[in-house]
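**Q** Sequence plus the predicted model coming up.
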Amino acid sequence: SSSSGSSSRKPILVVNTHIHWNPENSDVKVMQVIFLLQELEKLVAVGGKYNGSAILVAGDFNLTPLSGAYQLLSTGVLPPLHPDFSPPTATTTT
């Protein structure tokens, strides 16, 4: 094997997570996934500790395929009007 091939090898970053279990707290699950993705992006970004490395994410996700957190993890996008994480509504007191 040539020495030039080994200099371009990058580590694989293996990450384990445990997403909140309660299905009634879907907004918490979405936020956990947002924070996870933000931290992973920092690690593999240019200048990050694992610049350009592949990532393997494993764990106890406690998600269903229709959940906002699952959609965010699998596609990188959370639809703006997804019911798991909609913006708070304004309330007034009289």
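**A** Nice, I can see it.

**Q** Lys49 should be in a strand, yeah?
**A** No. The assignment for Lys49 is coil, going by DSSP: H, G, I helix; E, B strand; the rest coil, so no strand is present there.

**Q** residues near it, how many?
**A** Residues near Lys49, counting by other CB atoms under 10 Å, number 11. Every C-beta, even on glycine, is put in place using the N, C-alpha and C of the backbone.

**Q** so it touches Leu43, yeah?
**A** Yes. Counting by CB atoms under 8 Å, Leu43 is a contact partner of Lys49 at 5.6 Å.

**Q** And the next helix or strand past the lengthiest helix in the chain?
**A** Assignment by DSSP state H gives helix 26-44 as the longest helix of the chain. Going down the chain from helix 26-44, the next helix or strand is strand 54-60, by DSSP states H and E.

**Q** partners of that following strand, with directions?
**A** Partners of strand 54-60 in the sheet, by DSSP bridges, are strand 12-18 (parallel).

**Q** Check the offset of the strand it pairs with from the chain's centre.
**A** Distance of strand 12-18 from the chain centroid (CA atoms, centre = their mean, to the nearest Å) equals 11 Å.
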